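K.L.:
need a structure here:
(one chain, ligands or ions: 2)
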Amino acid sequence: MLAVHFGAGNIGRGFIGLLLNQAGYEVVFVDVNQTLVEELNQRGSYHVQLATEGTPATLVKGVRAIQGQDIEAVAKAIAQADLVTTAVGPHILQHIAGAIAKGISQRLEVSARPLNVIACENMIGGSAQLKAQVYGHLNESDQAKAGQWIAFPNAAVDRIVPLQKHEDKLLVTVEPFFEWVVDQSQIVGEAPAIEGVTYVPDLAPYIERKLFTVNTGHAVIAYLGYLYGYATIDEALRDDRINQAAKGALQETGALLLEKYRFEKETHEAYVEKILGRYANPMLSDHVTRVARSPIRKLSPNDRLVGPAMQCVARGLSAEYLALAIAAALLFDYPEDPEAVQIQSERAQNGIDQALRSYTGIPAGNPLEQIVLEHVRSLQAQ
Ligand SMILES: NC(=O)c1ccc[n+]([C@@H]2O[C@H](COP(=O)([O-])OP(=O)(O)OC[C@H]3O[C@@H](n4cnc5c(N)ncnc54)[C@H](O)[C@@H]3O)[C@@H](O)[C@H]2O)c1
Ligand SMILES: O=P(O)(O)OC[C@@H](O)[C@@H](O)[C@H](O)[C@H](O)CO
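P.N.:
Ligands and ions are numbered 1, 2, ... in the order given. Okay, the predicted model is just below:
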């Protein structure tokens, strides 16, 4: 069994590649980072270390890699694959769509075999978005055939994997917890048997619960942590102001999720407690600037902050702490993050009101707008 995985980064090696390997797949990574590609091909293996005391590292063997710019080689691998997965980042999906389409066309020419393409990104409808981008590269006849043989099931993935700073360029340290949920209703052929994957009939509650809890809380801690001068998530969480804001935001998204999806209150509270413990893991050393990365994406209308905040406001639920985090994200002026630089330049040229409108999609006059602007003023005054 052959799995082609796009993105040999933190989640790619530390989570998806590991589980696929343990499920018996030969894993072929596709990446544009030449160092990673060369190391993977030279060594054919790498280690995954759990961020806990005294656990030995796991060896992932029999892997190789293809340079992402080698479209012919990538397409050939996809034509032969039994499964395709991605963990490249939401904005990169459009750049891999052409190679996936080429592989699908080659495959449809020679064989009628089902193939599932699963985007493992932090976003709602990641695989559906990738499908639309891939279809943009297929002719009508291939689109029709692909409709029968190629599926793009949406997924939710959860495992905190910080930036890696090991001498060994392939070693990846991950938290022990993981969750990989896939929409069963969108699978073509037999569902891939991967230990650790949960198939569900409808992904919506799972992806929203994950994005609006794990990633919302994370974003609150990261943006406030950055403003208050902390380097890592666990450090920031020890500040009472940030701790209270994270818990407050998770209460707000919790109220929304409970109302929308009828999760059991106790089960959701236990889920939140577990996540707060995961953030606090001192062995992860997860930098606030990693978690805060790409603020334009994180401030977009369907993402972890504005998404739940707008829904809370529409339902008459509180969104005070979410608004505080949106304000902090608008003030995130980390010079090494191009999206932060872009927001700050908009703010400098046209003011915070315009920056808020441009990047959050909050309609002018929506009550959330004023709440966010008040938080901006109070954060600036501190
Ligand atoms: N790190 C986490 O804790 C975590 C957890 C769950 C989900 N995610 C999601 O997983 C995805 C990847 O995150 P990450 O933390 O592993 O990032 P990362 O930067 O470590 O990995 C991304 C990899 O994609 C590669 N890449 C970039 N452009 C490419 C292209 N055109 N073709 C092939 N490869 C390309 C990069 O070189 C890099 O190795 C994101 O969507 C993220 O939100 C991350
Ligand atoms: O990957 P991002 O940039 O969408 O979000 C940053 C972190 O919140 C994220 O990577 C988490 O660590 C991960 O989603 C945990 O499952």
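
K.L.:
Geometric centre of this structure: which residue is closest?
P.N.:
Geometric centre of the chain, nearest residue: Asn122, 2.2 Å, by Cα atoms, centre = their mean.

K.L.:
what residues does the stretch 201-350 of the chain put near ligand 2?
P.N.:
Residues of the stretch 201-350 of the chain found near ligand 2 (Cβ under 6 Å from any ligand atom) are Val214, Asn215, His218, Val291, Arg293, Ser294. In short, each C-beta sits where N, CA and C put it, glycine included.

K.L.:
The residue nearest to the centre of the chain is in contact with Pro90, isn't it?
P.N.:
Yes. If you go by Cβ atoms under 8 Å, Asn122 and Pro90 touch, sitting 7.2 Å apart.

K.L.:
List the contacts of the helix ranked longest in the chain.
P.N.:
Longest among the helix segments of the chain by residue count, using DSSP state H, is helix 240-261. Residues from elsewhere that reach helix 240-261 (Cβ atoms under 8 Å, 6 or more residues apart in numbering): 204-205, 208-209, 212-213, 216-217, 220-221, 224-225, 228, 230, 236-237, 263, 265, 268-269, 272, 275-276, 279, 308-309, 311-312, 315, 317-322, 324-325.

K.L.:
mind listing the strands for the stretch 1-150 of the chain?
P.N.:
In the stretch 1-150 of the chain, the strands defined using DSSP state E, counting those that start in this stretch lie at 2-6, 26-31, 45-50, 58-61, 64-67, 83-86, 115-119, 150-151.

K.L.:
Serialize those strands to a markdown table and add fields for mean pLDDT and mean neighbour count.
P.N.:
Listed next are these as a markdown table, based on pLDDT from 0 to 100; neighbours: other Cβ atoms under 10 Å:
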| stretch | mean pLDDT | mean neighbour count |
| --- | --- | --- |
| strand 2-6 | 98 | 26 |
| strand 26-31 | 98 | 24 |
| strand 45-50 | 97 | 18 |
| strand 58-61 | 97 | 14 |
| strand 64-67 | 98 | 20 |
| strand 83-86 | 98 | 25 |
| strand 115-119 | 98 | 26 |
| strand 150-151 | 98 | 24 |
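
K.L.:
Next, format these as CSV and append distance to Val376.
P.N.:
Shown next, in CSV, are the strands of the stretch 1-150 of the chain (distance: least, Cβ to Cβ, whole Å):
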stretch, distance to Val376
strand 2-6, 38
strand 26-31, 38
strand 45-50, 40
strand 58-61, 45
strand 64-67, 44
strand 83-86, 35
strand 115-119, 34
strand 150-151, 44
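
K.L.:
before we move on, the earlier item: out of the contacts of helix 240-261, which sit inside helices?
P.N.:
204-205, 208-209, 216-217, 220-221, 224-225, 236-237, 265, 268-269, 272, 275-276, 279, 308-309, 311-312, 320-322, 324-325.

K.L.:
Show me which of the residues you listed are buried.
P.N.:
Neighbour counting with 16 or more other Cβ atoms under 10 Å marks 205, 208-209, 216-217, 220-221, 224-225, 236-237, 268, 272, 275, 279, 308-309, 311-312, 321-322, 324-325 as buried within these.

K.L.:
got the residues of this protein near ligand 1?
P.N.:
Counting by Cβ under 6 Å from any ligand atom, the chain sits next to ligand 1 at 6-12, 30-33, 36, 68, 87-90, 92, 95-96, 121-122, 157, 159-161.

K.L.:
Restricted to buried residues, select those in PyMOL.
P.N.:
To isolate in PyMOL the members of these that are buried, counting by 16+ other Cβ under 10 Å, one can use:
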select buried, resi 6+7+8+9+10+11+12+30+31+32+33+36+68+87+88+89+90+92+96+121+122+157+159+160+161
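
K.L.:
so which of the residues of the chain next to ligand 1 are also by ligand 2?
P.N.:
The overlap between the residues of the chain next to ligand 1 and the neighbours of ligand 2 (Cβ under 6 Å from any ligand atom) comes to Asn122, Arg159, Ile160.

K.L.:
Any figure for the gap between the residue of the chain found nearest ligand 1 and Leu170?
P.N.:
Nearest residue of the chain to ligand 1, counting by Cβ to the nearest ligand atom: Gly9, 1.9 Å away. Counting by Cβ to Cβ, to the nearest Å, the separation of Gly9 from Leu170 is 11 Å.

K.L.:
what sits in contact with each of the two?
P.N.:
Joint contacts of Gly9 and Leu170 (Cβ under 8 Å, 6+ apart) are Leu36.

K.L.:
Could you chop this structure up by domain?
P.N.:
Domain ranges of the chain: 2-202, 205-381, per automatic domain parsing.

K.L.:
from the middle of its chain, how far away would the longest one be?
P.N.:
So the one you mean is domain 2-202. 13 Å (Cα atoms, centre = their mean, to the nearest Å).

K.L.:
what does stretch 331-344 give?
P.N.:
Centroid separation for stretch 331-344 versus its chain: 20 Å, with Cα atoms, centre = their mean.

K.L.:
And it, end to end?
P.N.:
Using Cα to Cα, to the nearest Å, the end-to-end distance of stretch 331-344 comes to 7 Å.
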